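Participant: Pasting the sequence and the predicted model now:
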Number of protein chains: 2
Amino acid sequence: MSSTDAPTTERVVIVGGGFAGVACAQGLAEHGVEVTLIDRNTYHQFQPLLYQVATAQLAPSDIMRPLRGLFRKHPSVAVKEAEVTAVDPVARTVRTAEGETFTGDVLVLATGARAAFFGVAGAEEHAFPLYTARDAERLRNRVLQLFEDADLEPARLDRGALTFVVVGGGPTGVETAGALADLVNDVMPERYHDLDVHRARIVLVDGGDTVLRPFSSKAHDYAAEVLAHKGVRLELGASVEEVTPEKVVLGDGSEIATRCVVWAGGLSVPPLDGTDDIARGRGGRIGAGQDLSVPGFPGVYAIGDVAGVEGPDGRPYPQLGSVAMQAGRAAATSILATRAGVAAPAFRYHDKGIMAMIGKGAAVAEIGAHHHELHGTIAYSAWLGVHAWLMNTTRARVDAFISWAWDSFSRSRSPAIIDAPDQPRIDWGDEDQTDDAAAADDARPEGAQP
Amino acid sequence: MSSTDAPTTERVVIVGGGFAGVACAQGLAEHGVEVTLIDRNTYHQFQPLLYQVATAQLAPSDIMRPLRGLFRKHPSVAVKEAEVTAVDPVARTVRTAEGETFTGDVLVLATGARAAFFGVAGAEEHAFPLYTARDAERLRNRVLQLFEDADLEPARLDRGALTFVVVGGGPTGVETAGALADLVNDVMPERYHDLDVHRARIVLVDGGDTVLRPFSSKAHDYAAEVLAHKGVRLELGASVEEVTPEKVVLGDGSEIATRCVVWAGGLSVPPLDGTDDIARGRGGRIGAGQDLSVPGFPGVYAIGDVAGVEGPDGRPYPQLGSVAMQAGRAAATSILATRAGVAAPAFRYHDKGIMAMIGKGAAVAEIGAHHHELHGTIAYSAWLGVHAWLMNTTRARVDAFISWAWDSFSRSRSPAIIDAPDQPRIDWGDEDQTDDAAAADDARPEGAQP
């Protein structure tokens, strides 16, 4: 895209307040550019800790931050809470569910992705994805409800009341399985005095021959060992055929009775009205150029999970928070360069390493571009430090996180277990069993009153 | 009730995990008594700070505490999450919505109350009560939604988008009005760069001739002065005739356009199946004797907001958290005494004083039985100390509260403004205004693609 095509930058409309959108808005705000940042929620969510909300270690509010609060010192950024339902990438206009329209001289698409269900029967309806804070809250409520339901009627244990199946052995799946194991091993036994919590089962299913594939083989072994020690059953080389409200069916025909299937199986970018002419890559990702602009649509950019930007090896960068943040800053630089009439630098992701928590005191980390390997407590501490630092950049509730982190070194951890009422109850089909007790209500004899 | 009537105490069933129920369970747990504590939620809620959740100063989880966590060191206490729908006070059996029954040798009713709407037309449907954490969350979402809606379409300001009407000049009403004023004056202007936040209005309506009636006349004057300084309009001697989705109608026929009526107008105890033969006092309160037992129903006790226990002046003690906590401990003592075959001591409420926050840095407190008066910063500090101490007894999220308290001395406060999606949108009836922009979606000319 030559600079003569580029509009003069008067206002930038950014759709999406995740890592990419916020980083882009911050980069532009520092130069006083007028920005309209639109998100369906009023808050930014810190996605790397979703699994902690899902396992009741943090409260949802601990990983949320009001978007308006992030920009309160930047009057040039207007935050709007609205659901964008359609985009016109030529006019650089977006339209919201409530009928408002916003037009920018530059339009940045940072709309994210959603869970990919790969056409598995029943998965979208019955499994629990883990991409948004709302997803995490739903999953947490289900987990806690299952303990309550098993406590009320222990026979439900035979029907998978405390069997948790996690599909996907990437970092999200491993972190969730590990945290569920910690919940079952360390927290719940002293909460449920009457319940045989040790009958709980956690199963981690993955189609490959290892968990945490992007990591080294030493990390694979370490993760498998820690998970086994925590009581997590690994089902590797296994595919999921079907999810129903009462079970999951694997590719070999075996069935696992469960009321809780966590879906950590990859991302897919949903369609968006008006973007049919934009080229999409694998997983529906919008192909963005090296300057993060969308080829053929001057003034339109795509960043974060919605976008696929090629790295030097010709493959798109992974859908990670760290890529999204760096791309957000780079898009701001690119927009400013275009406005100044100079060539935008090509985006290069600086890989600072990868890390995954396996559970209390255990993590794997590969630090720096050369992926120096760390396991165990050192990796765990590194994980804590990096995440506390990352949270701080969006001013999320670092205090609650630090408190969690500190407690996690001891056994006295007292997590924020809180559920929302108004949740649909789980249908166990056994409510009639106690109906004969109903008559007791009217059984009071007159003579009992003195 | 003579001790010969009393059953031997094998198991105590407590219905309700508020201040009264938790205090009673704690008192019994210390003596190893088997307790089943039933609540419709898995959490205890710290009601004195509901107004802070409603005004987005604290997150809901900050004032919630898992009931099971409170009793994790007490295996003799079994916590059950269930909605009690009927009680048999003779058999001392309760029945839940899911069909389970629980029978105790002793049954303690600590089921609380709910907002009293006094038959005001539309109040129950359209006003926002403030008795539960869920109430507070609903109100907060409405408040935040109104700012978003006004920001999207400023013409809504003319239709009361930012007019908040608080009904009831007791501590809850005053605290809510004061906190809303702080939100409008200090927080929102730097969040909504495009919105004329100063057009927001807060109106406090009460039928009496003062707010904070139980306090001294000096406190009345101080509260009125602080509220006026914050911009809260006091409508005293005014009754509410009707609440609609778009306005509130006062007794003199005047109308206030508003989408947010906070109902802080008193409590009423709802009926409960099976308790028709139990005598009820004013506001539906169950009349409990001096030993907190329910006359005529051996082994049944009533404590907290559901109960009316006469003080030395022959009038029932007020429905306050401090009364509930003390009554909970006293009921435990009474149950233990009866079990030991000795006379239960009569319950006496030790009035340690009353206090109410009026807003940042301003409170009124009357300390001790003689109600030594404090106003201003000293009262505010006392309020903070007492509430931090009270929260600590139930291990609520003191850290978040302290952080709020600390920030409240400065102007840089950054409250936890977070909303839930999935809320019903407010119907402004003006969504069609921008419909003409809808055509833009398909307006992209073919030639624009290079």
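Facilitator: That came in fine, so what should we check first? Being a predicted model, the structure only gives us computed values, none of them experimental.

Participant: Quick check: which ranges of the stretch 1-150 of chain A have low pLDDT?
Facilitator: Along the stretch 1-150 of chain A, segments meeting pLDDT under 70 span A:1-9.

Participant: The stretch 51-200 of chain A against chain B: which residues are in contact?
Facilitator: Applying Cβ under 8 Å from any Cβ of the partner chain, we find that the stretch 51-200 of chain A lies next to chain B at A:59-62, A:64, A:66, A:68-69, A:72-73, A:75, A:77-82, A:86, A:88-91, A:93, A:95, A:98-101, A:134, A:144, A:148, A:151-153, A:190-194. Glycine gets a C-beta too; all of them are placed from N, C-alpha and C.

Participant: Return the subset of those residues lying in strands.
Facilitator: Using DSSP state E, the subset of those located in strands is A:Met64, A:Pro66, A:Val77, A:Ala78, A:Val79, A:Lys80, A:Glu81, A:Ala86, A:Asp88, A:Thr93, A:Arg95, A:Thr101.

Participant: Make sure A:Glu225 is indeed in a helix.
Facilitator: Yes. With the criterion set as DSSP: H, G, I helix; E, B strand; the rest coil, the secondary structure at A:Glu225 is a helix.

Participant: on that earlier part again, pull out the buried members of the ones in strands among the residues of the stretch 51-200 of chain A next to chain B.
Facilitator: Neighbour counting by 16 or more other Cβ atoms under 10 Å in any protein chain shown classes A:Met64, A:Pro66, A:Val77, A:Ala78, A:Val79, A:Lys80, A:Glu81, A:Ala86, A:Asp88, A:Thr93, A:Arg95, A:Thr101 among those as buried.

Participant: Just put these in a markdown table and tack on distance to A:Thr111.
Facilitator: Listed next are these as a markdown table, based on distance: Cβ to Cβ, whole Å:
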| residue | distance to A:Thr111 |
| --- | --- |
| A:Met64 | 18 |
| A:Pro66 | 20 |
| A:Val77 | 18 |
| A:Ala78 | 18 |
| A:Val79 | 16 |
| A:Lys80 | 14 |
| A:Glu81 | 15 |
| A:Ala86 | 12 |
| A:Asp88 | 15 |
| A:Thr93 | 15 |
| A:Arg95 | 14 |
| A:Thr101 | 16 |
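
Participant: which pair in the residues you listed spans the largest distance?
Facilitator: Across these, no pair lies farther apart than A:Met64 and A:Asp88, at 30.7 Å, counting by Cβ to Cβ.

Participant: For B:Glu242, state which of the ones in strands among the residues of the stretch 51-200 of chain A next to chain B is nearest.
Facilitator: Comparing these against B:Glu242 with Cβ to Cβ places A:Glu81 closest, at 30.8 Å.

Participant: Please name the nearest non-neighbouring residue to A:Leu58.
Facilitator: A:Gln52 (4.4 Å; Cβ to Cβ, 6 or more residues apart in numbering or on different chains).

Participant: Quick check: the one you found touching A:Phe46?
Facilitator: No. Judged on Cβ atoms under 8 Å, A:Gln52 makes no contact with A:Phe46 at a distance of 9.7 Å.

Participant: intersection of neighbour lists for the two?
Facilitator: A:Ile63 (Cβ atoms under 8 Å, 6 or more residues apart in numbering or on different chains).

Participant: Tell me how chain A divides into domains.
Facilitator: Chain A breaks down into these domains under automatic domain parsing: A:11-40+A:82-113+A:269-339, A:123-266+A:353-407.

Participant: for the spatially closest residue to A:Ala121 that is not a sequence neighbour, what are its contacts?
Facilitator: Leaving out its chain neighbours, the residue that sits closest to A:Ala121 by Cβ to Cβ, 6+ apart is A:Glu242, at 4.4 Å. Taking Cβ under 8 Å, 6+ apart, we find A:Glu242 in contact with A:Val120, A:Ala121, A:Gly122, A:Val248, A:Val249.

Participant: Could you look up the SS state of A:Glu242?
Facilitator: A:Glu242 - assigned by three-state DSSP - is strand.

Participant: Identify the farthest-apart pair in the contacts of A:Glu242.
Facilitator: The distance between the two most remote of the contacts of A:Glu242 (Cβ to Cβ) is 10.7 Å, for A:Ala121 and A:Val248.

Participant: quick one, which of these two is more surrounded?
Facilitator: A:Val248 (27 against 14; other Cβ atoms under 10 Å in any protein chain shown).

Participant: What distance do you get for the residue nearest to A:Leu58 to A:Gln326?
Facilitator: Remark: distance between A:Gln52 and A:Gln326 (Cβ to Cβ, to the nearest Å) = 24 Å.

Participant: next one: A:Arg282
Facilitator: 21 Å.

Participant: what do you get for A:Leu37?
Facilitator: Relative to A:Gln326, A:Leu37 is positioned 18 Å away (Cβ to Cβ).

Participant: Neighbour count: the two, which is higher?
Facilitator: More neighbours surround A:Leu37 than the other of A:Leu37 and A:Gln326, with 28 against 22 (other Cβ under 10 Å).

Participant: Quickly find the element holding that one.
Facilitator: Assigned by DSSP states H and E, A:Leu37 belongs to strand A:34-39.

Participant: And for that strand, what's in contact with it?
Facilitator: A:10-17, A:21-22, A:25, A:28-29, A:67, A:71, A:76-82, A:84, A:94, A:96, A:102, A:104.

Participant: Surely A:Ile278 and A:Pro89 touch.
Facilitator: Yes. Using Cβ under 8 Å as the test, A:Ile278 is close enough to A:Pro89 to be in contact (6.2 Å).

Participant: So those two - more neighbours on which side?
Facilitator: Neighbours were counted for A:Ile278 and for A:Pro89 using other Cβ under 10 Å; A:Pro89 has more, 26 against 20.

Participant: Only alpha carbons, please: show stretch A:18-30 as PDB.
Facilitator: Taking Å, rounded to 0.1, in the frame of the first residue of the first chain, the C-alpha atoms of stretch A:18-30 are listed here in PDB:
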ATOM      1  CA  GLY A  18      -8.300  -7.200  24.000                       C
ATOM      2  CA  PHE A  19      -4.500  -7.200  24.200                       C
ATOM      3  CA  ALA A  20      -4.100  -6.100  20.500                       C
ATOM      4  CA  GLY A  21      -6.700  -3.400  20.600                       C
ATOM      5  CA  VAL A  22      -5.700  -1.900  23.900                       C
ATOM      6  CA  ALA A  23      -2.000  -1.900  22.900                       C
ATOM      7  CA  CYS A  24      -2.800  -0.200  19.600                       C
ATOM      8  CA  ALA A  25      -4.900   2.400  21.300                       C
ATOM      9  CA  GLN A  26      -2.200   3.100  23.900                       C
ATOM     10  CA  GLY A  27       0.400   3.500  21.200                       C
ATOM     11  CA  LEU A  28      -1.800   6.000  19.400                       C
ATOM     12  CA  ALA A  29      -2.900   7.800  22.500                       C
ATOM     13  CA  GLU A  30       0.700   8.600  23.400                       C
END
